[in-house]
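> Sequence and predicted structure are below.
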Amino acid sequence: MKAFAVGELNFPVLGQGTWHIGDRDATARQEEETLRQGLRLGLNLIDTAEMYGSGRSESLIGRAMAGVARQDYLLVSKVYPHNAGRQNIFDSCDSSLRRLQTDYLDLYLLHWRGSVPLAETVACMEELQRAGKIRRWGVSNFDTDDMEELWQVPGGQSCAVNQVLYHLGSRGIEYNLLPWMQTHGVAAMAYCPLAQAGTLRRSLLSNSTLQQVAASYDATVMQLMLAFILRQPDVIAIPKASTPDHVAANAAAAKLALSSEDWEKVDAAFPAPSKKMPLDIQ
Ligand code: NAP
């Protein structure tokens, strides 16, 4: 799996999302096996949050990775905005670590902006880092103006990652957020890279141009959607899969290399933005 460096961390271009994983006992075994299968295929970054299933996603990951050497995978978790201040963040982080059966997170993200001042969250993140509980910190759902504000806060420029919604049917970040992040050395983590579920996904999957281009590489439209994200430098996609077949298909997408003529067809069907768009949020 291709990877790129974020400070001392080496991020694979494809990781694994885990929203809704662990929600149902009946599927838990399969979800655990899927995470391990993803790891074997090189998707060695696992994204979760204290919010997901009120901790059930973190607990399932902890069980799934119990027999795996900690240095063989990267863990990303997120703190609720209302917990991202001095009063709660240290307990929140400890609870995530306990559920994940580990003593450090590779990356800890502010899930979205809330009422806690950014300066307080950043100071807490730095404290967690000094205590060895997190290796790096970042944010999520920050638009360009939020990033600019963060840059003015003491320590704010150490932000490693901004995790944002990004897929072929939602390209708004390409207008000025992604260029801003690339200029300022902040990696992008694309969530909902497969457009999750619903009508937008259906319009992508049923698009005849995407179907034809994907078929000409013996690939699926979903794999093309992942290849679209990996076309950008320093962007990691974190698709969520709960079956071994799905995670294998996703891993294979990292090898999909379209010609520039085919990317032009894809771009014509789902164009890049020509003006600033509000940041899409799930
Ligand atoms: P997604 O990854 O775009 O889509 C997940 C859906 O795609 C699931 O229904 C999954 O089905 C299906 N799928 C996966 N691989 C497939 C394949 N090869 N073929 C067919 N279907 C496939 O949506 P997401 O889970 O919302 O986003 C990904 C991750 O981003 C989340 O899990 C979470 O970790 C993170 N996230 C972060 C935020 C944030 O605010 N920071 C918000 C949303 C999501 P199965 O489950 O049946 O495999």
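Nice, I can see it.

> residues of the strand or helix carrying Cys93 that come out buried?
Using DSSP states H and E, Cys93 sits in helix 89-99. Judged by neighbour count using 16 or more other CB atoms under 10 Å, the buried positions of helix 89-99 are Ile89, Ser92, Cys93, Ser95, Ser96, Leu97, Arg99. Glycine gets a C-beta too; all of them are placed from N, C-alpha and C.

> Wondering if it reaches the ligand at all.
No. No part of helix 89-99 sits near the ligand under the criterion CB under 6 Å from any ligand atom; the closest distance found is 13.7 Å.

> quick one, what contacts the residue of the stretch 1-150 of the chain found nearest the ligand?
Nearest residue of the stretch 1-150 of the chain to the ligand, counting by CB to the nearest ligand atom: Gly17, 2.4 Å away. Applying CB atoms under 8 Å, 6 or more residues apart in numbering, one finds that Gly17 lies in contact with Asp47, Tyr191, Ile238, Pro239, Lys240.

> pLDDT for the buried residues of helix 89-99 - can I get that in TSV?
Formatted as TSV, the buried residues of helix 89-99 follow (pLDDT from 0 to 100):
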residue	pLDDT
Ile89	98
Ser92	98
Cys93	98
Ser95	98
Ser96	98
Leu97	98
Arg99	98
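
> For the stretch 1-150 of the chain, what lies in contact range of the ligand?
Gly17, Thr18, Trp19, Asp47, His111, Ser140, Asn141.

> what's near enough to touch the closest residue to the third one other than its chain neighbours?
Looking back up the chat, that one is Trp19. Closest residue in space to Trp19, ignoring its immediate chain neighbours: Tyr52 at 5.2 Å, by CB to CB, 6 or more residues apart in numbering. Tyr52 makes contact with Thr18, Trp19, His20, Ile21, Gly22, Glu58, according to CB under 8 Å, 6+ apart.

> List the contacts of the third one.
With CB under 8 Å, 6+ apart as the criterion, the residues that contact His20 are Tyr52, Gly53, Ser57, Lys240, Ser242.

> quick revisit: report the separation between the residue nearest to Trp19 and Leu279.
21 Å (CB to CB, to the nearest Å).

> try Lys78
Applying CB to CB, the value for Lys78 to Leu279 is 16 Å.

> ok, now Asn83?
In terms of CB to CB, Asn83 sits 22 Å off from Leu279.
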